[in-house]
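*Asks:* Return a 3D structure for these sequence lines:
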Amino acid sequence: MTLPDLNDDVLREILDLLPSLKDISLVNGRLRALAIPQLFKKVAVRGPKGHPQGLRPGNWNITYSAITSLSNNPVILSSIKMLKFEMFDDGDFINMYDLVGFLGKLSKLKGLTLCIPAPHLIALQAAFNELEFYAPLALSNVTTLVTYPSAASLVDRFPNLEVVSLIRSFYYPECTGDQAHAMFKSLGTRTNQLKQLEASFLYWSVPEILDLAEAVPQIERLNMGCRGRDYSTDMAAIMAILGSKFKYLKRLDITRASDLRLGFDGWPFCGNAFHGPNGHELMKSLQRAEEKAEREAARLAFGGIGSLEVLWIGDHVVARKLEGKDDVGFELTKDRALVRDTLSW
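*Replies:* Numbers count the residues shown, from 1 in each chain. Now for the predicted structure:
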């Protein structure tokens with residue numbers, strides 16, 4: 001029996017098990033047609049790696065040519081479930097109508113990464129407004145949005161969002177308190193179903209946490225890491241506020257122990273610090289201080305947030321609440337092989 005002898009359902013089962021479909025999709029038209037839903041499940045449109053400082057306007061023209069080609073194939077349009085659009089040109093005015101029109105045709109789209117520099121957001125919103133005036137865009141299936149903080153107002157375009165990730169970028173400097181207030185207000189406008197939020201670009205002052213709580217008190221998972229910087233508020237106060245305002249919070253991601261102001265200031269920049277006569281003792285002392293800070297962070301988190309089940313500290317330390325423990329019982333695991341899951345792809 002050869003491949004042509006198999007019916008389409010069996011071939012689809014086989015294709016689902018293959019790690020790559022590009023080569024087999026070139027064998028014949030039948031296999032390509034069967035492979036398209038998997039080939040175009042994830043589509044990424046982005047600028048060349050290593051050159052984020054700006055693309056020539058011509059790159060946008062190439063992008064729109066690709067969008068036009070995809071738009072002319074209904075099978076591909078119905079196959080795209082995750083789209084990443086990431087361009088960096090911050091020059092002249094760019095026409096966004098083709099992009100918004102393309103988004104409106106993706107009836108099966110579930111996850112969207114939309115990273116566009118702030119100078120083009122006005123044009124993007126204008127395109128949304130004008131096209132929606134003539135006909136509603138089919139964006140109600142989108143449940144996950146990854147974008148820049150400056151584009152947080154885009155959540156109004158996706159009424160059924162469950163997950164929002166606001167990521168830092170070359171184009172988005174530190175977020176001020178007023179900007180954070182406006183951003184969280186936008187999140188709370190039409191995101192009653194929001195369950196998960198990633199916002200790891202703030203210093204997390206008390207007003208910012210309270211603004212977030214007022215906007216989306218129902219979230220179950222919150223990433224408030226701020227790598228390389230201290231929080232504006234001490235850990236005890238942060239955990240107490242989170243516990244009093246977020247009654248459904250099950251998972252919390254915070255920054256690494258050296259940025260928590262819990263008695264551990266971090267490791268030396270150079271490993272030569274451990275090569276002296278007291279190097280081994282210094283390493284052991286820092287290890288103890290780091291673990292003590294991590295355990296203190298977990299104690300404060302589980303003690304302050306009654307609903308909390310999982311706490312990530314940085315990327316390689318996770319604490320889980322122990323079954324049957326009412327207060328602060330937890331198990332802490334530290335392993336460089338651990339990989340903290342994030343939304344960006």
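*Asks:* all contacts plus neighbour counts: C-alpha atoms, from now on.
*Replies:* Fine.
*Asks:* Pull out the buried residues from stretch 281-290.
*Replies:* Met283, Leu286, Ala289, Glu290 (16 or more other Cα atoms under 10 Å).
*Asks:* and of those residues, the nearest to Val43?
*Replies:* Glu290 (41.1 Å; Cα to Cα).
*Asks:* measure Glu296 to Leu212 for me?
*Replies:* Distance of Glu296 to Leu212, computed by Cα to Cα, to the nearest Å: 25 Å.
*Asks:* Counting neighbours, go ahead and name the busier of those two.
*Replies:* Regarding Glu296 and Leu212, a neighbour count based on other Cα atoms under 10 Å identifies Leu212 as having more, with 21 against 17.
*Asks:* I'd say that one and Phe184 touch.
*Replies:* Yes. In terms of Cα atoms under 8 Å, Leu212 counts as a neighbour of Phe184; the distance is 5.6 Å.
*Asks:* Need the overlap of contacts for the two.
*Replies:* Counting by Cα atoms under 8 Å, 6 or more residues apart in numbering, no residue touches both Leu212 and Phe184.
*Asks:* re earlier: please flag which of the buried residues of stretch 281-290 sit within helices.
*Replies:* Judged by DSSP state H, the buried residues of stretch 281-290 include Met283, Leu286, Ala289, Glu290 as members of helices.
*Asks:* Of these, which is the nearest to Leu260?
*Replies:* Relative to Leu260, the closest of those is Glu290; by Cα to Cα it sits at 10.4 Å.
*Asks:* Find the nearest non-adjacent residue to that closest one, please.
*Replies:* Leaving aside its sequence neighbours, Glu290 sits nearest to Phe264 (Cα to Cα, 6 or more residues apart in numbering; 5.5 Å).
*Asks:* Let me know the secondary structure of that neighbour.
*Replies:* Under DSSP: H, G, I helix; E, B strand; the rest coil, the three-state class of Phe264 is coil.
*Asks:* what sits against it?
*Replies:* Applying Cα under 8 Å, 6+ apart to Phe264 gives the contacts Ala257, Ser258, Leu286, Ala289, Glu290, Ala293.
*Asks:* Where does the record place the domain boundaries for this structure?
*Replies:* The chain breaks down into these domains under automatic domain parsing: 1-39, 40-142, 163-345.
*Asks:* In CSV, list those along with distance to Val155 and mean pLDDT.
*Replies:* Output for the domains of the chain, formatted as CSV (distance: least, Cα to Cα, whole Å; pLDDT from 0 to 100):
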stretch, distance to Val155, mean pLDDT
domain 1-39, 27, 67
domain 40-142, 10, 78
domain 163-345, 6, 83
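*Asks:* Looking at these, which is nearest to Ala151?
*Replies:* When the domains of the chain are compared by Cα to Cα, domain 40-142 sits nearest Ala151, at 7.0 Å.
*Asks:* Between the two ends of that closest one, how far is it?
*Replies:* Start-to-end span of domain 40-142 (Cα to Cα) is 17 Å.
*Asks:* swap in stretch 38-45?
*Replies:* Start-to-end span of stretch 38-45 (Cα to Cα) is 17 Å.
*Asks:* buried set for that stretch?
*Replies:* Within stretch 38-45, the residues scored as buried using 16+ other Cα under 10 Å are Gln38, Leu39, Phe40, Lys41, Lys42, Val45.
*Asks:* Among those residues, which ones are in helices?
*Replies:* Gln38, Leu39.
*Asks:* can you give me the helices in the stretch 151-300 of the chain?
*Replies:* Using DSSP state H, counting those that start in this stretch, the helices of the stretch 151-300 of the chain run over 177-187, 206-215, 235-245, 279-304.
*Asks:* so the longest one versus helix 235-245, what angle?
*Replies:* Helix 279-304 and helix 235-245 meet at an angle of 30 degrees, taking axes from the mean of the first three to the mean of the last three Cα atoms, to 10 degrees as the criterion.
*Asks:* now swap in the shortest one and tell me
*Replies:* Taking the same axes, to 10 degrees, one finds helix 206-215 and helix 235-245 inclined to each other by 20 degrees.
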